[in-house]
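>>> One predicted model, sequence on top.
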Amino acid sequence: MDLARKLAILADAAKYDASCASGGTTKRDSIGGRGIGSTEGAICHSYAPDGRCISLLKILLTNACAFDCLYCVNRSSSNVPRARFTVEEVVELTIDFYRRNYIEGLFLSSGIIRSPDYTMSEVVRVARTLREEHDFRGYIHLKTIPDASGDLLAEAGRYADRLSINIELPTEAGLTALAPEKDARAIRRSMGRMRGHIDAAKEDSKAPAFAPGGQSTQMIVGADATDDRQILATSAGLYGSYRLRRVYYSAFSPIPDASRRLPPVAPPLVREHRLYQADWLMRFYGFDVEEIVEGEEGNLALDIDPKLAWALRHRERFPLDVNKASREELLRVPGLGKKAVERLLSARRVRAIRTADLGRLRVPLAKALPFLVLPDHSPGGLIDRIDLRQRLAPPRQLALPF
Amino acid sequence: MHAVVLPGETDFAGFRAVARDLLARAVPPERVSFSVKGGEAPDLFAGAAEPLPPPVPAAPLAVPRGFLTLAETVVLHRDPERFARLYRLVWRLRAEPQLMRVAVDPDVAELEAMAKAVRRDVHKMRAFVRFRRSELSGEPWFVAWFEPDHRIVAANAPFFMRRFASMRWSILMPDAAVHWDGEGLAFGPGSRRADAPTDDALEALWRGYYSSIFNPARLKVGAMRAEMPEKYWRNLPEAPLIRPLIAAAQRRSEAMVETGPSAPNPRPHRPHAAAAAVPAEAGTLYALAAEAAGCRACPLWEPATQTVFGEGRAQAALMVVGEQPGDQEDIAGRPFVGPAGQLFDRALEEAGVDRDGLYVTNAVKHFKFVPRGKRRIHQKPATGEVRACQPWLKREIALVRPRLILAMGATAALSVLGRPVPVGQSRGRVIEGPNGTAVLVTVHPSHLLRLPDAAAKAAEYAAFVDDLRLAGEMVSG
């Protein structure tokens, strides 16, 4: 099989992993080295028409897999064509792509072949060759294989900027039903081990480096009946327990050669988007899970974003005076982002904020003003109008021909 | 009107010197026009330029750092009005020294927007430059053609140098070029698109990757265009695929749904048979720990990482029971390794008790917590959870058969004795426990960590060491 065919199969097999992040690691460059590569900010070198950033060469080492996870295109019972890269092919492809400025580095995952340790050692060998033989200083993200040995994990952490292992489904029952060979407990233990290594490397500057870009995970949304409350609770637990940099939500997408037991429907993209917004509210805006999902019968509203939904449920807290409200209060105003809030706080120490000022911060006025009081604006009875939700919910967007 | 000629399009130091001079002469912004030496636009007022007024004595002007960093970026913008805008802002800063903090001010907002446009251009150049392999005197040379919006070449070249240090490369642009030969950066004049190589054999692979990584079931063309505007497409080797991929996406996606499920692969990949794990010998602590690893007797197992079972000497004379594992114990899978465990170790040493001779465990074997951001807040286990976990402790006691059990804290005492006891009043004396085993009660070491008052902490710690010493003496000899 030629390289182009292998690349087509093994990139196709990797595309259901949403993560393509290449930031948050130690700053490096290739000055004084034998090779190439640097890590300065996260750069997306291209975008596919699915809206996703292409930052890394995201591939599987092989899509042969002994596991039969029903949601996965590479499951053992699927009829997709199989391929396997040699270690040298992946290394060369990474360097060749990098030299042309197509990518920030490599995201390498693999189907489980022979044994967890064998698979992991092949993945690690790619990273070792890149780092040691080619002095490659770009970004490397490795998927770790649950149950691989501690030595292999330690080596993976030495070469990789980021490690990840997918929790796959929000509940253990869901995982058992759809991925019988996967062990949710082993996945959690792996996350725990990684956190242990990452913490140790951070606390002791003399300790060997370990995945300075941290760890992340991914959850599939819409492959089973789990509601958003459970999904977000699982995320909150994972962030707290394993200090994950990110939880990625991947709307279950119809795959070629699908299993009979899964819904052959379009992916719930809006739901995925709302989950990301809710995740953001938990991490940066001081919301907790219950506040976000209260009164929503377990699922987030699809027509409006979760912050607006919360504000509409808590109209008694509004309107807020932009010139007096605290940072925490302002962060809860629909349409006000973190940056806008910081700028308002800084500016109001010098002079009063007026409506036109909000416009200059590119705050969406129609969304924010019903919740705010300014010297030249009062929402009047707007906040109590029953139809406020209808007024603020955007009309359904029409798909435009390209 | 005064006409001022600046030394260069992106010469911030030159602008700064001119602006200082204008301020010293108290020239208001509406009375001055800027042009650049050799610049394309001849100044409208050049003919009617007045001589500058003499300097007026004034305190030297200080500007906030925020203005300087903003101005250094803004001078790279292609807008010919940039110097006039910057001068207007620095003029206003004399009377309004806090102005840089007012991001909502129209002048500040406008310059911030210009700086943002420049930063975006810098970022997009880093993203969308595409090198093509060429040769120069028999050596590989990587050459790119790029069309930046602003004058960012000098500012951005060091990035490419740091990234591609061992590579020889050139980036050709309409009004400048930059070259790296492995030793130094060199800047040159602008060139034409046709001067750059037109192909690279590797681009077919890159296009193959681009179309394979795209998921046709989730089309989000708007998101793609927002981040990769069409103006960049003409220099991206993958861009010719965009329209055909979009056109075919709907059909491919519908086909997947229509085709529906298929029969399972008749020859699935099978892993090599793993060596079967040897089960631990029944009736040992190992076997008990293995059994407890799958415990689901209360809901605490699900958010926790793992069961944290007891460990230590199998026939220990002294068994120490704590409340429950904490954050670090949950991660490590071993009891008493976190802050409370470290305090416990120190106190043991002071009491002259060897930890290796002990068996240490907890009343509850999963960590109970609520997540708070990137941390977990410990929660006291409920009585029902203590009761659900009690059989494990009973079986540990039955296997270890200690002469003395030291219960640390109320939860441990409840589980060991089967009834609540007040810790303060019970410590220091032997209580008869299950099957006549002697039990001592003391505080939990985490209690000591939480005491705010240093004197109380020292006193409590000393009392804790005394309890450990007493326990050690009771089982020695």
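Everything's here; your move.

>>> Quick check: neighbours of the helix or strand hosting residue B:405 in the sheet, parallel or antiparallel?
If you go by DSSP states H and E, residue B:405 is part of strand B:404-408. Within its sheet, strand B:404-408 is paired with strand B:318-322 (parallel), strand B:438-442 (parallel), according to DSSP bridges.

>>> who does the lengthiest strand in chain B pair up with?
Taking DSSP state E as the criterion, chain B has its longest strand at strand B:139-145. Partners of strand B:139-145 in the sheet, by DSSP bridges, are strand B:132-136 (antiparallel), strand B:169-172 (parallel).

>>> need the next SSE after the shortest one, C-terminal direction.
By that I understand strand B:169-172. For strand B:169-172, the following helix or strand on the C-terminal side (DSSP H and E) is strand B:177-180.

>>> middle-most residue in chain A, spatially?
residue A:248 (3.1 Å; CA atoms, centre = their mean).

>>> Surely residue B:112 is in contact with residue B:71?
No: using CB atoms under 8 Å, residue B:112 makes no contact with residue B:71, being 11.4 Å away. Yep, even glycine has a C-beta here, placed from its N, CA and C like the rest.

>>> Compare the two and say which is more crowded by neighbours.
Between residue B:112 and residue B:71, counting by other CB atoms under 10 Å in any protein chain shown, residue B:71 is the more crowded of the two (23 against 19).

>>> buried ones in the longest strand of chain B?
For strand B:139-145, burial by neighbour count (16 or more other CB atoms under 10 Å in any protein chain shown) applies to B:141, B:142, B:143, B:144, B:145.

>>> Kindly report the same for stretch A:251-259.
By 16+ other CB under 10 Å, the buried positions in stretch A:251-259 come out as A:251, A:252, A:253, A:254, A:255, A:257, A:258, A:259.

>>> cool, stretch B:79-97 as well?
Buried residues in stretch B:79-97, counted by 16+ other CB under 10 Å: B:82, B:83, B:84, B:85, B:86, B:87, B:88, B:89, B:90, B:91, B:93.

>>> ok so, going back, and among the strands paired with strand B:139-145, the most buried is which?
strand B:169-172 (a mean of 24; mean count of other CB atoms under 10 Å in any protein chain shown).

>>> what stretches of the stretch 351-477 of chain B score poorly on pLDDT?
B:477 (pLDDT under 70).

>>> Please enumerate the strands of it.
Counting by DSSP state E, counting those that start in this stretch, the stretch 351-477 of chain B has strands at residues B:359-362, B:369-372, B:375-378, B:404-408, B:431-432, B:438-442.

>>> In a markdown table: these, plus mean neighbour count and distance to residue A:134.
A markdown table is the format used below for those (neighbours: other CB atoms under 10 Å in any protein chain shown; distance: least, CB to CB, whole Å):
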| stretch | mean neighbour count | distance to residue A:134 |
| --- | --- | --- |
| strand B:359-362 | 25 | 48 |
| strand B:369-372 | 17 | 41 |
| strand B:375-378 | 16 | 39 |
| strand B:404-408 | 26 | 54 |
| strand B:431-432 | 14 | 67 |
| strand B:438-442 | 23 | 59 |
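
>>> out of those strands, nearest to residue B:37?
Evaluated over the strands of the stretch 351-477 of chain B, closeness to residue B:37 peaks at strand B:375-378, with 58.6 Å, by CB to CB.

>>> Starting from that closest one, tell me which strands it pairs with and how they run.
Here strand B:375-378 is paired, per DSSP bridges, with strand B:369-372 (antiparallel).

>>> Need the contact partners of the partner strand.
Strand B:369-372 is contacted from outside by A:236, A:237, A:239, A:240, A:241, B:303, B:327, B:376, B:377, B:378, B:379, using CB atoms under 8 Å, 6 or more residues apart in numbering or on different chains.

>>> Below-threshold pLDDT in the stretch 151-300 of chain A: ranges please.
Across the stretch 151-300 of chain A, the ranges flagged by pLDDT under 70 are A:264, A:266.

>>> Can you name the residues of it that neighbour chain B?
Selection of the stretch 151-300 of chain A residues close to chain B by CB under 8 Å from any CB of the partner chain yields A:172, A:185, A:188-189, A:191-193, A:195-196, A:236-237, A:239-241, A:243, A:251, A:253-260, A:262, A:264-267, A:269, A:283.

>>> now do 6 Å
Contacts of the stretch 151-300 of chain A with chain B, taken as CB under 6 Å from any CB of the partner chain, map to A:188-189, A:192, A:195-196, A:236-237, A:239-240, A:243, A:253-254, A:256-260, A:264, A:267, A:269.

>>> rewinding a little: please confirm that the residue nearest to the centre of chain A is located within a helix.
No: assessed with DSSP: H, G, I helix; E, B strand; the rest coil, residue A:248 is strand; it does not lie in a helix.

>>> what residues are up against it?
A:18, A:19, A:218 (CB atoms under 6 Å, 6 or more residues apart in numbering or on different chains).

>>> Leaving out chain neighbours, which residue sits closest to the second one?
Right, the one you point to is residue A:19. Leaving aside its chain neighbours, residue A:19 sits nearest to residue A:248 (5.2 Å; criterion: CB to CB, 6 or more residues apart in numbering or on different chains).

>>> next one: the strand holding residue B:405 to chain centre, how far?
Chain-centre distance of strand B:404-408: 43 Å, with CA atoms, centre = their mean, to the nearest Å.

>>> same thing with stretch A:28-46?
On the basis of CA atoms, centre = their mean, stretch A:28-46 sits 22 Å off its chain's mean C-alpha point.

>>> got the CA positions of it in PDB?
Output of stretch A:28-46 as PDB, limited to C-alpha atoms (Å, rounded to 0.1, in the frame of the first residue of the first chain):
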ATOM      1  CA  ARG A  28      10.800  26.000  22.900                       C
ATOM      2  CA  ASP A  29      12.600  26.800  19.600                       C
ATOM      3  CA  SER A  30      15.100  25.200  17.300                       C
ATOM      4  CA  ILE A  31      17.900  27.800  17.700                       C
ATOM      5  CA  GLY A  32      21.100  26.000  18.500                       C
ATOM      6  CA  GLY A  33      19.600  22.600  17.700                       C
ATOM      7  CA  ARG A  34      20.000  20.000  14.900                       C
ATOM      8  CA  GLY A  35      16.500  20.100  13.800                       C
ATOM      9  CA  ILE A  36      13.400  22.200  13.500                       C
ATOM     10  CA  GLY A  37      10.400  23.100  15.600                       C
ATOM     11  CA  SER A  38       9.100  25.600  18.100                       C
ATOM     12  CA  THR A  39       6.200  26.100  20.400                       C
ATOM     13  CA  GLU A  40       5.000  29.700  20.500                       C
ATOM     14  CA  GLY A  41       1.300  30.100  20.900                       C
ATOM     15  CA  ALA A  42      -1.200  27.700  19.400                       C
ATOM     16  CA  ILE A  43      -1.500  28.100  15.600                       C
ATOM     17  CA  CYS A  44      -4.200  26.600  13.400                       C
ATOM     18  CA  HIS A  45      -2.600  26.100  10.000                       C
ATOM     19  CA  SER A  46      -5.800  25.400   8.200                       C
END
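
>>> Please name the residues that touch the residue in the stretch 251-400 of chain A positioned nearest to chain B.
Residue of the stretch 251-400 of chain A nearest chain B, by CB to the nearest CB: residue A:357 (3.5 Å). Contacts of residue A:357 were listed using CB under 6 Å, 6+ apart, and they are residue B:104.

>>> Can you tell me the element it falls in?
For residue A:357, the host element (DSSP H and E) is helix A:355-360.

>>> likewise residue B:83?
Under the criterion of DSSP H and E, residue B:83 resides in helix B:82-95.

>>> Which other helices and strands does that helix contact?
For helix B:82-95, the packing partners by 3 or more CB pairs under 6 Å, 6 or more residues apart in numbering or on different chains; DSSP states H and E come out as helix B:12-24, helix B:65-74.

>>> residues making contact with that helix?
For helix B:82-95, contacts defined as CB under 6 Å, 6+ apart pick out B:15, B:19, B:29, B:34, B:63, B:71, B:74, B:99, B:107, B:111.
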